[in-house]
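*Asks:* Below is the sequence, then the predicted model.
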Amino acid sequence: MTNPNGRFGIHGGQYIPETLMNAVIELEEAYNYYKNDPEFNKELTKLFNEYAGRPSRLYYAEKMTKDLGGAKIYLKREDLNHTGAHKINNVLGQALLAKKMGKTRLIAETGAGQHGVATATAAALMGMECVVFMGEEDTKRQALNVYRMKLLGADVIAVKTGTATLKDAVSEAMREWTSRISDTHYCLGSVMGPHPFPTIVRDFQAVISKEIKEQIMEKEGGLPDAVIACVGGGSNSMGSFYNFIEDKGVRLIGCEAAGRGVDTFETAATIATGRLGIFHGMKSYFCQDKYGQIAPVYSISAGLDYPGVGPEHAHLHDIGRAEYVPVTDDEAVNAFEYLSRTEGIIPAIESAHAVAHAMKLAPTMDKDQIIVITISGRGDKDCAAIARYRGEDIYE
Amino acid sequence: MSKIRAAFENGKAFIAFITCGDPDLETTAAAVRAAVENGADLIELGIPFSDPTAEGPVIQGANLRALNGGVTTEKIFTFVKELRRDVKAPMVFMTYANVVFSYGADKFISTCRDIDIDGLILPDLPFEEKDEFLPLCHKYGVSLVSLIAPTSEKRVAMIAKEAEGFLYIVSSLGVTGARSEIKTDLKSIVDVVRENTDVPCAIGFGISTPEQAKKMAELSDGAIVGSAIIKLLEKYGKGAPKYIGEYVRCMKDALR
């Protein structure tokens, strides 16, 4: 799907300072070598299976299916991975690659903290230094994850610039990378940024759709009718979609964070409200004003609170292969509570956006149809914030 | 001779960077005039961007103050048109790719020609992506200035060969902002540049003192200073132009 120059249709590219060009070229060369290296793949598979706990389960949500009264619902349980989210897939891949490249230090941005925790984990495992950039606003929303990162030996830098959320954390991590390249790998957490990151992250996350395909074939003897996942930068959704792109009968549905609604300014739904632009190293869709100033987006979910979307998603949208729908805070919180009560599974508030859409879609489908929802992470980290949303103050 | 090249004909060039609209456009106009009157050979006008990823804290602050003050691309174009009535020194815009792209590249670059802007510096548009705007820059006679970094290595020759206007050599790793010491082997970079182009080259990032400017200009054709000037705006606000004039005089004197 990736063109040689890192384009997905018109999207992607490498819009970064000259200082970083040789770093991304070096990364691309290393990746192109190691992705076909049997030893590398053997080590990565071992890490996936023995350390991260893969393959993750594809669980038939029987109660939810009966309650909604339509399509059969399966949950891809990325929340059961080590560190509690899909982020570990990409991080183990990139950390191993960085180590092979002779890097001794990992830097990362994080929104909800899941990618930061995963990076800190991989750094601890592989004996690497780790610095995580996190918007100051998010360090408050996700205090528990900040503690986890520190516990794992990482330095956490609270970013105070701009909106003090994910986009500012990305900007600050990019700035840090320009100042220290020789020993440092920027472990980017989503299918975004300059080429080759969108491709590398997608490939490491594609294990999700590879497993879904095998598991659903075994359980149902056929492909699902729809795969639903949440989209911020878009790594769990890209991973969930990738191996189904050629299977045109499978609807691919990405759920964006609409925040307080796509008709308000307090939204992070990029495809619903954004325009084509160039930012953070890529051409893609971004929430921005008429002069190209990046918008201060909002979502209850720190992990989806990003004003852009990965270039491959932008392309899948352009060609009509995937659908992108906005889901509000309210709908996501309802889904968060619904899945907890109905299946005894507390999803990450990010993943709850996908659950919310499935709750609307399933009743409109036939009982012999199948929906797979990717539960990208576990919701323990969100309990305090959701309690606050419901007007209840609890101590973490 | 292009106007940009003329900036390098008056001894070593002193290039001053000023963010438009920090804290307001009246102050910017006074600051530009003060810089030119005191010997600045070329003015880099920054169009603020919400998320300037190549900037250190000082210029980030200028971007924020300018945007909070309500400046827009449109207002800056009108402002430059006014300024051009009496300011004849070569001027280039420094901004980010999205500001140009989002305005409509054709409209943006043709306006540059109309208001007599001589060049465009986009720190997030490397060699590989310059075709995004280069054909339009050629069409309207606006130089697209390329940057060379301490990490460019084998890329230096490739970039220099196709350089236009002037070459912006980034002195150090990292973002913009004052540094006590510049350690990059700039001489080797400039040597490669000279072998590949006769376009002048100037060094920027981290330069704040006359001694540093002198040293950098000895290695190249000029020195670019941003954060040190912005600091004066940060400190003195509307009263800054007087201090900017004094500072520029002192810097240009060091280059004579």
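*Replies:* Structure received.
*Asks:* show me what contacts residue B:58?
*Replies:* B:176, B:177, B:178, B:226, B:227, B:230, B:231, B:234 (C-beta atoms under 8 Å, 6 or more residues apart in numbering or on different chains). Yep, even glycine has a C-beta here, placed from its N, CA and C like the rest.
*Asks:* And the strands in the stretch 201-350 of chain A, which stretches?
*Replies:* In the stretch 201-350 of chain A, the segments counted as strands under DSSP state E, counting those that start in this stretch are A:226-231, A:251-259, A:275-279, A:281-286, A:322-328.
*Asks:* Compare these and report which one is nearest to chain B.
*Replies:* Smallest distance to chain B across the strands of the stretch 201-350 of chain A (C-beta to the nearest C-beta): 4.3 Å, for strand A:275-279.
*Asks:* What sits closest to residue 149 if chain neighbours are left out?
*Replies:* Answering for chain A, as no chain was given. Leaving aside its sequence neighbours, residue A:149 sits nearest to residue A:120 (C-beta to C-beta, 6 or more residues apart in numbering or on different chains; 4.5 Å).
*Asks:* that's the other chain; I wanted chain B
*Replies:* residue A:19 (3.9 Å).
*Asks:* my read: residue A:319 touches residue A:11, true?
*Replies:* No. If you go by C-beta atoms under 8 Å, residue A:319 and residue A:11 don't touch, sitting 10.9 Å apart.
*Asks:* These two: which is more packed in?
*Replies:* A count of neighbours by other C-beta atoms under 10 Å in any protein chain shown puts residue A:11 above the other of residue A:319 and residue A:11, at 23 against 9.
*Asks:* in the sheet, who's paired with the more buried one?
*Replies:* Assessed by DSSP bridges, residue A:11 has beta-bridge partners residue A:8.
*Asks:* Contact partners for residue A:247?
*Replies:* By C-beta under 8 Å, 6+ apart, the contact set of residue A:247 is residue A:223.
*Asks:* Could you report the separation of it from chain B?
*Replies:* Applying C-beta to the nearest C-beta, to the nearest Å, the value for residue A:247 to chain B is 34 Å.
*Asks:* same deal with residue A:211?
*Replies:* 35 Å.
*Asks:* Near the residue nearest to residue A:149, how many other residues are there?
*Replies:* Neighbour count for residue A:120, taken as other C-beta under 10 Å: 30.
*Asks:* that older thread, so which one among the contacts of residue B:58 has the lowest pLDDT?
*Replies:* Across the contacts of residue B:58, the bottom pLDDT score, 84, is held by residue B:178.
*Asks:* Where does it sit: helix, strand or coil?
*Replies:* coil (DSSP: H, G, I helix; E, B strand; the rest coil).
*Asks:* Which residue is the nearest non-sequential neighbour of it?
*Replies:* Once flanking residues are discounted, residue B:178 sits nearest to residue B:208: 4.2 Å by C-beta to C-beta, 6+ apart.
*Asks:* go on, residue B:20?
*Replies:* Nearest-residue entry for residue B:20: residue B:76, 4.8 Å, with adjacent residues in sequence omitted and distances by C-beta to C-beta, 6+ apart.
*Asks:* With residue A:51 instead?
*Replies:* Per C-beta to C-beta, 6+ apart, closest to residue A:51 is residue A:82, 6.2 Å.
*Asks:* contacting residues for the one you found?
*Replies:* By C-beta under 8 Å, 6+ apart, the contact set of residue A:82 is A:51, A:52, A:53, A:88, A:121.
*Asks:* OK, contacts around residue 231?
*Replies:* Since no chain was named, I'll use chain A. With C-beta under 8 Å, 6+ apart as the criterion, the residues that contact residue A:231 are A:237, A:254, A:255, A:256, A:271, A:304, A:309, A:313, A:324.
*Asks:* not what I meant, chain B
*Replies:* Residue B:231 touches B:58, B:178, counting by C-beta under 8 Å, 6+ apart.
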